[in-house]
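# Provided below for reference: sequence and predicted model.
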Amino acid sequence: MRIEDERILTEKKAINSKILGYVYMALWLVVLHRQFILKQTLTDYLDLFLITLGVSMALVIGSVKKGLYLSYRSEKQQKINIMIGALVAAVMMFSINYCMNAEDLGDAILSTLVLVVCFLVAQFAMVHYSRKKSNEGFDEEE
């Protein structure tokens with residue numbers, strides 16, 4: 001039986017984490033390539049899309065459940081990041097809706113506003129829950 005040093009285990013975890021990040025980004029790039037460059041329909045790459053979406057959800061849910069979701073940032077920086085995310089989501093949603101349904105500008109604006117509201121509610125709820133989870137250990141000690 002071989003005993004491994006803690007530094008080696010930490011380095012292995014860091015390497016695995018970095019590789020997971022690369023694979024995760026590559027999956028999203030492949031999905032975007034198939035959608036926008038190859039002009040495939042969603043049914044052509046639905047399996048890859050669902051796997052990528054599942055990995056994304058697992059990463060976010062895992063971070064929230066452990067109390068790590070945006071916890072390394074100040075509250076002000078958390079709000080800025082959430083607002084930037086909402087802005088990017090709004091621009092993307094509006095662009096996609098308007099390109100697909102160019103004759104109905106009102107529909108594109110309405111669906112974008114609904115997305116932004118849902119996005120902000122979900123983000124602030126996740127930050128709140130994550131902050132609550134990260135403070136649980138401190139509350140019990142007092």
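Looks like it arrived, so ask away.

# Buried residues, the longest helix seen in the chain. List them.
When the chain is parsed with DSSP state H, its longest helix is helix 105-141. Buried residues in helix 105-141, counted by 16 or more other CB atoms under 10 Å: 108, 111-112, 115-116, 119, 123, 126-127, 130-131, 133. No exception for glycine: its C-beta is placed from N, CA and C like everyone else's.

# mind putting these in TSV, distance to residue 25 and pLDDT included?
Below are the buried residues of helix 105-141 laid out as TSV (distance: CB to CB, whole Å; pLDDT from 0 to 100):
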residue	distance to residue 25	pLDDT
108	28	81
111	27	86
112	25	88
115	23	90
116	25	93
119	21	92
123	21	93
126	21	92
127	23	91
130	23	89
131	27	87
133	27	87
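
# quick revisit: point out the other helices and strands that the longest helix of the chain packs with.
Contacts defined by 3 or more CB pairs under 8 Å, 6 or more residues apart in numbering; DSSP states H and E place helix 105-141 against helix 46-65, helix 75-100.

# what does the average pLDDT come to for the last one?
For helix 75-100, the mean pLDDT works out to 86.

# quick check: angle from it to helix 105-141?
150 degrees (axes from the mean of the first three to the mean of the last three CA atoms, to 10 degrees).
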